[in-house]
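Asker: Structure, please.
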Amino acid sequence: MATIDPANQHWLSLLRDHLREERYHPCTARRCIAVARSFLAFVHSRHSSLTETRPEMVERYLELARRKYRQRNGYLPSYPGWRWSHTSGIHMLLRLAHGQWPPAAVTRVDPHVRELCQEYTSSMIALRGLAIETVADRCDEAHRFLKWLGGRADSEALSGITITDVDTYMKNRAVALRRPTIKSVATRLRALLRWLHATGRTTRDLSTAVIAPTLYAFEGIPSALRSHDVDRVLCIARRDHSPLGLRDYAILLLLAKYGLRAGEITGLRLDDVDWHKEVIRIRHTKTGATSWLPLLPEVGEAVLKYLQKSRPQTSCREIFVRSRAPYWPFESGSSLYTPIRRRIDAAGVPEGGKRGPHAFRHARAVSMIRACVPLKEIGDVLGHRASDSTLVYLKLATEDLRAVALEIPVKVKA
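Answerer: Predicted coordinates:
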């Protein structure tokens, strides 16, 4: 495995340049180059080329490398960490050669199913004017249902689906799903069945046959951190002066002081902060609305400190980026759950309830309610479009509710 095809030396040079441009640590770069060189030699020994490489060949190389490791050390490596140390360099090399790695899974979709989903999508956008996320969710459910129907999903056989088919599909989908999720599935399926009937593909409107659990308004109690837990998390995070600590502290302040959603924080860009006017622009991911909020001094100082002392040099316009190379923006709001949970655990917050970014949002809502802030203003800060979305937080102000509760008469108690 020592010989490398001269044609593949070009890819090795490209990988070296990529690692340098993305500012990987020299030790990490040397490791990636070494593994990539070994993999290229393996590809050459199999009389293949990098552009023809498939995932199966990567797995064969890893199996061979594991056997060699055992021959040298007498035992197999710790698989998760060892695998990552090998595949990181190989996958970077293959992304340079293929443009995308791992390659996109090829799913065989019947042409009539694809056409049906495309027509359904067009009708939701053109006729209903639904939000993109809603359209995507409904289209995914439509594709899942039509794929489940199999050969009966063509235009002629669709008219033959029955209530039994709908019940069987919902029964299969409901396995291991919570009641709110089952309700969402039922809503999406009803929309599809109504459309199928409206377009003449089914002789009967089967949407009325979809059974879903009843969800009562405000039946659930949001999970929120207590105010002293929020203060403790911020206090512990403030003491961490490392680059990662400065980033996380700025994020925690945005969560605690404004009650932002995780996606709204990861979507913040450098031009969203107007330092002269001392305001910050928030793009509310759920409603699509935009708000300008006053930039609190404590928050502004934390963000500025992160930008000046901690944020890596990168061409990305997003404020918060990864702490390790490649220095890209967070993929989505869910990327914040691990670092936020780590900070909550470090502060010794007792287990129970949510331990992610949304727990800070709920805590901020409670603090504003207890400060007698009008519900309309609370909704504006949190980016709510309807007042009902804000009312749910009233249940969290338990102490205030006890203060206005009526005492039960003695006879009733007995």
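Asker: Give me the buried stretch members for the helix or strand harbouring Leu254, please.
Answerer: Here Leu254, judged by DSSP states H and E, is contained in helix 243-258. Going by neighbour count (16 or more other Cβ atoms under 10 Å), the buried part of helix 243-258 is 245-258. Where you see a C-beta, it was placed from the backbone N, CA and C, and this is true even at glycine.
Asker: again with stretch 318-331
Answerer: Applying a neighbour-count criterion of 16+ other Cβ under 10 Å, one finds 318-323, 325-327, 329-330 buried in stretch 318-331.
Asker: same deal with stretch 346-357?
Answerer: 347, 349, 354-357.
Asker: swap in stretch 280-300?
Answerer: Buried residues in stretch 280-300 (16+ other Cβ under 10 Å): 280, 282-285, 291, 293, 295, 299-300.
Asker: for the record, mean pLDDT for that stretch?
Answerer: Across stretch 280-300, the average pLDDT comes to 88.
Asker: and that stretch, how far apart are its ends?
Answerer: Terminal residues of stretch 280-300 are spaced 9 Å apart (Cα to Cα, to the nearest Å).
Asker: hmm, who's touching it?
Answerer: Residues outside stretch 280-300 that contact it (Cβ atoms under 8 Å, 6 or more residues apart in numbering) are 131, 250, 253-254, 257-258, 260-261, 263-264, 267-268, 272-275, 278-279, 333, 380-381, 383-385.
Asker: Number of residues surrounding Cys235?
Answerer: Close neighbours of Cys235, defined as other Cβ atoms under 10 Å, add up to 10.
Asker: For Val303, which residues are in contact?
Answerer: Per Cβ under 8 Å, 6+ apart, neighbours of Val303: 250, 254, 273, 319.
Asker: Tabulate the buried residues of stretch 318-331 in JSON lines, adding columns for distance to Asp165, pLDDT and secondary structure.
Answerer: Converted to JSON lines, these look like this (distance: Cβ to Cβ, whole Å; pLDDT from 0 to 100; DSSP: H, G, I helix; E, B strand; the rest coil):
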{"residue": "Glu318", "distance to Asp165": "46", "pLDDT": "95", "secondary structure": "strand"}
{"residue": "Ile319", "distance to Asp165": "50", "pLDDT": "96", "secondary structure": "coil"}
{"residue": "Phe320", "distance to Asp165": "47", "pLDDT": "96", "secondary structure": "coil"}
{"residue": "Val321", "distance to Asp165": "48", "pLDDT": "94", "secondary structure": "strand"}
{"residue": "Arg322", "distance to Asp165": "46", "pLDDT": "91", "secondary structure": "coil"}
{"residue": "Ser323", "distance to Asp165": "50", "pLDDT": "88", "secondary structure": "coil"}
{"residue": "Ala325", "distance to Asp165": "51", "pLDDT": "85", "secondary structure": "coil"}
{"residue": "Pro326", "distance to Asp165": "47", "pLDDT": "85", "secondary structure": "coil"}
{"residue": "Tyr327", "distance to Asp165": "50", "pLDDT": "89", "secondary structure": "coil"}
{"residue": "Pro329", "distance to Asp165": "44", "pLDDT": "92", "secondary structure": "strand"}
{"residue": "Phe330", "distance to Asp165": "41", "pLDDT": "92", "secondary structure": "coil"}
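Asker: among those, which two are most distant?
Answerer: Using Cβ to Cβ, the buried residues of stretch 318-331 span at most 18.1 Å, a distance reached by Ile319 and Ala325.
Asker: could you redo the buried residues of stretch 280-300 as a markdown table and give each row secondary structure?
Answerer: Formatted as a markdown table, the buried residues of stretch 280-300 follow (DSSP: H, G, I helix; E, B strand; the rest coil):
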| residue | secondary structure |
| --- | --- |
| Ile280 | strand |
| Ile282 | strand |
| Arg283 | strand |
| His284 | coil |
| Thr285 | coil |
| Ser291 | strand |
| Leu293 | strand |
| Leu295 | coil |
| Val299 | helix |
| Gly300 | helix |
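Asker: Can you tell me which of those residues lies closest to Arg343?
Answerer: Val299 (16.4 Å).
Asker: what ranges do the strands span in this structure?
Answerer: 273-274, 279-283, 290-294 (DSSP state E).
Asker: just to revisit the earlier point, which elements pack onto the helix holding Leu254?
Answerer: Judged by 3 or more Cβ pairs under 8 Å, 6 or more residues apart in numbering; DSSP states H and E, the packing partners of helix 243-258 are helix 227-238, helix 262-266, helix 297-309, helix 337-346, helix 357-370.
Asker: Try it again at 6 Å.
Answerer: Applying 3 or more Cβ pairs under 6 Å, 6 or more residues apart in numbering; DSSP states H and E, we find helix 243-258 packed against helix 227-238, helix 297-309, helix 357-370.
Asker: Which residue, neighbours along the chain excluded, lies closest to the most centrally placed residue in the chain?
Answerer: Nearest to the geometric centre of the chain sits Ser334, at 3.6 Å (Cα atoms, centre = their mean). Leaving aside its chain neighbours, Ser334 sits nearest to Ala262 (6.8 Å; criterion: Cβ to Cβ, 6 or more residues apart in numbering).
Asker: how far away is that neighbour from Leu254?
Answerer: With distances taken as Cβ to Cβ, to the nearest Å, Ala262 is found 10 Å from Leu254.
Asker: and the closest residue to Tyr258 other than its chain neighbours, what are its bridge partners?
Answerer: Nearest residue to Tyr258 in three dimensions, chain neighbours excluded: Leu293, at 6.3 Å (Cβ to Cβ, 6+ apart). Residues in a beta bridge with Leu293, per DSSP bridges, are Ile280.
Asker: What distance do you get for Leu293 to Gly160?
Answerer: Separation of Leu293 from Gly160 (Cβ to Cβ): 55 Å.
Asker: what's the answer for Gly383, then?
Answerer: With distances taken as Cβ to Cβ, Gly383 is found 46 Å from Gly160.
Asker: residues in contact with stretch 335-352?
Answerer: Applying Cβ atoms under 6 Å, 6 or more residues apart in numbering, the contact partners of stretch 335-352 are 229, 232-233, 236-237, 248, 262, 355-357.
Asker: end to end, how far does that stretch reach?
Answerer: End-to-end distance (Cα to Cα), stretch 335-352: 21 Å.
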